[in-house]
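Colleague: turn this into a structure:
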Amino acid sequence: MTVKKDMRVPFFSGKISFHKRWSQISERLDEVISEGKFIDGGAVRSFEAAIQNYTGAKHAIAVNNATDALQIILKAAGIQHGDEVIVPCYSFFASASSIANVGAIPVFTDIEPETYNICPEQIEEKITPNTKAIMVVHLFTQMADIKKLKEIAEKHNLILLEDSAEAIGMKAEGLHAGLHGLAGVLSFFPTKTLGGIGDGGMILTNDDEFAKTCRLLRHHGKQGTEYYHDIIGYNSRMDDIQAAVLEEKLRHLHEDIVRRKKLAERYDERLKELHPVVTTPTVVEKPYRAVHVYYVYLIEADNRSELAAYLQKRGIETEAYYPYPLHVQPCFQHLNYKYGDFPHAERASTRALGLPLYPDLTEDELDYVCDVITDFYEGGGNL
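Modeller: Prediction:
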């Protein structure tokens with residue numbers, strides 16, 4: 001087929017829904033300005049309570065971003081210099097950099113090819129006397145096999161931490177992502193399922209003492225008395241403007257998740273005829289209750305780079321996930337990994353492509369994306 005008219009489709013845009021909800025958001029911002037406290041104030045406390053209510057977490061601790069959240073939970077868990085933390089090699093950089101930044105050693109594993117999540121079967125062979133924790137990452141659409149991961153952690157007396165930055169709304173065994181181990185995190189980066197108008201992150205935990213330590217760490221190790229510091233911490237407090245915007249957007253999160261699912265199903269229907277040249281996301285049903293959320297619509301495609309370039313030429317933005325797996329990043333050369341060590345992750349790094357997916361995406365825009373992809377593979381894809 002040949003697509004006649006070009007259309008601009010950004011990889012992400014939230015302008016329409018933001019403006020649609022502006023009257024409510026602006027009221028919240030007026031409240032913040034009236035209170036006159038713009039960092040770690042009343043709006044932050046209100047948002048933390050709202051996240052506790054939504055996730056079922058006993059403690060929700062707002063921080064400046066999800067990378068800080070990961071470093072704080074690692075430090076609060078006692079992970080220190082020389083400790084080993086098992087983590088998948090296919091993830092956003094922060095999953096591993098947070099481990100390195102507390103002085104520990106990331107020990108990489110491969111992923112499951114269908115879900116892109118950590119492969120539980122590889123974990124036990126990576127465990128050494130120095131292993132202190134498993135950092136689970138829930139990627140794209142579905143949680144990792146948390147039941148198996150909990151069993152492994154308990155068997156070997158390891159701390160289970162969840163990089164659930166992408167996983168708001170996802171559940172397994174009746175528990176929200178981030179609440180299956182000692183702690184988890186959420187990201188509110190603008191492109192996330194619940195995105196702010198800047199950076200923002202949240203720590204989730206049901207452990208009282210752990211929560212107390214995290215609260216100390218986010219605010220320079222200060223408990224209450226000004227200029228008196230119990231421990232050395234971070235400057236990682238959330239801005240009240242972010243908290244106010246996010247709490248208002250949280251009220252609409254369910255409808256946004258439903259909209260994402262509807263768009264993903266339309267992608268599935270439109271792209272199924274291109275199989276196996278293009279493969280659409282696989283949701284792997286587990287033998288326990290699970291709730292999935294389409295944060296990213298990820299295809300795998302032959303000639304991914306050429307397809308991405310063709311889509312860009314036709315006005316469509318995409319995102320390659322993740323073109324350089326963590327184990328071959330220059331900063332981790334000293335760990336002596338190489339290409340060939342983790343074939344599933346390495347294959348995905350050359351084939352996986354995120355297509356536009358967000359509540360403001362229209363059916364016409366989605367159909368245009370699918371038409372251009374079809375055009376590329378039917379011979380029209382000449383740059």
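
Colleague: quick check: Asp145 vs Thr128, distance?
Modeller: 22 Å (C-beta to C-beta, to the nearest Å). Using the backbone N, CA and C atoms, a C-beta is placed for each residue, glycine as well.

Colleague: burial count for Ser164?
Modeller: For Ser164, the count of nearby residues is 30 (other C-beta atoms under 10 Å).

Colleague: and what of the one 4 residues further on?
Modeller: Residues lying near Ile168 (other C-beta under 10 Å) number 26.

Colleague: so how far does stretch 69-88 reach from one end to the other?
Modeller: Stretch 69-88 has its terminal residues 18 Å apart, counting by C-alpha to C-alpha, to the nearest Å.

Colleague: and that stretch, what's buried?
Modeller: 69-77, 79, 83-88 (16 or more other C-beta atoms under 10 Å).

Colleague: ranges for the helices of the stretch 201-350 of the chain?
Modeller: With DSSP state H, counting those that start in this stretch as the criterion, the stretch 201-350 of the chain has helices at 208-218, 240-250, 253-271, 304-313, 343-351.

Colleague: tell me which of the ones you listed sits nearest to Gly184.
Modeller: Nearest of these to Gly184, taken as C-beta to C-beta: helix 208-218 at 11.5 Å.

Colleague: so how far is that closest one off the chain centroid?
Modeller: Mean C-alpha position of helix 208-218 versus that of the full chain (C-alpha atoms, centre = their mean, to the nearest Å) differs by 22 Å.

Colleague: also stretch 312-329?
Modeller: 16 Å.

Colleague: which parts of it are buried?
Modeller: Buried-residue list, stretch 312-329, by 16+ other C-beta under 10 Å: 314, 316-319, 321-322, 325-329.

Colleague: with just CA atoms, put it into CSV.
Modeller: Provided in CSV are the C-alpha atoms of stretch 312-329 (Å, rounded to 0.1, in the frame of the first residue of the first chain):
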residue,chain,number,x,y,z
GLN,A,312,10.9,9.6,11.1
LYS,A,313,10.9,10.7,7.5
ARG,A,314,7.1,10.3,7.4
GLY,A,315,6.7,12.4,10.6
ILE,A,316,6.5,9.5,13.2
GLU,A,317,8.7,9.5,16.2
THR,A,318,9.8,6.1,17.8
GLU,A,319,12.1,5.0,20.5
ALA,A,320,14.6,2.1,20.2
TYR,A,321,14.8,0.0,23.4
TYR,A,322,17.6,-0.5,24.4
PRO,A,323,20.2,-0.2,21.7
TYR,A,324,23.1,-0.8,24.1
PRO,A,325,22.5,-3.4,26.8
LEU,A,326,23.9,-2.6,30.2
HIS,A,327,26.5,-5.3,30.2
VAL,A,328,28.3,-3.7,27.1
GLN,A,329,28.2,-0.1,28.3
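
Colleague: pLDDT (mean, whole number) over it?
Modeller: On average, the pLDDT along stretch 312-329 is 96.

Colleague: in the protein, where is pLDDT below threshold?
Modeller: Residue ranges of the chain with pLDDT under 70: 1-4, 286-288, 380-383.

Colleague: how about 80 then?
Modeller: Low-confidence segments of the chain (pLDDT under 80): 1-5, 224-226, 285-289, 380-383.

Colleague: is it true that Phe108 touches Val87?
Modeller: Yes. Assessed by C-beta atoms under 8 Å, Phe108 is found in contact with Val87 at 6.4 Å.

Colleague: tell me which residues of stretch 213-232 come out buried.
Modeller: By neighbour count with 16+ other C-beta under 10 Å, stretch 213-232 contains the buried residues 213-220, 222.

Colleague: next up, phi/psi of the closest residue to Ala153 other than its chain neighbours, please.
Modeller: Spatial nearest neighbour of Ala153, chain neighbours left out: Leu160 (4.1 Å); criterion: C-beta to C-beta, 6 or more residues apart in numbering. Torsion angles at Leu160 (phi, psi; degrees, to the nearest 10) stand at phi -110, psi 120.
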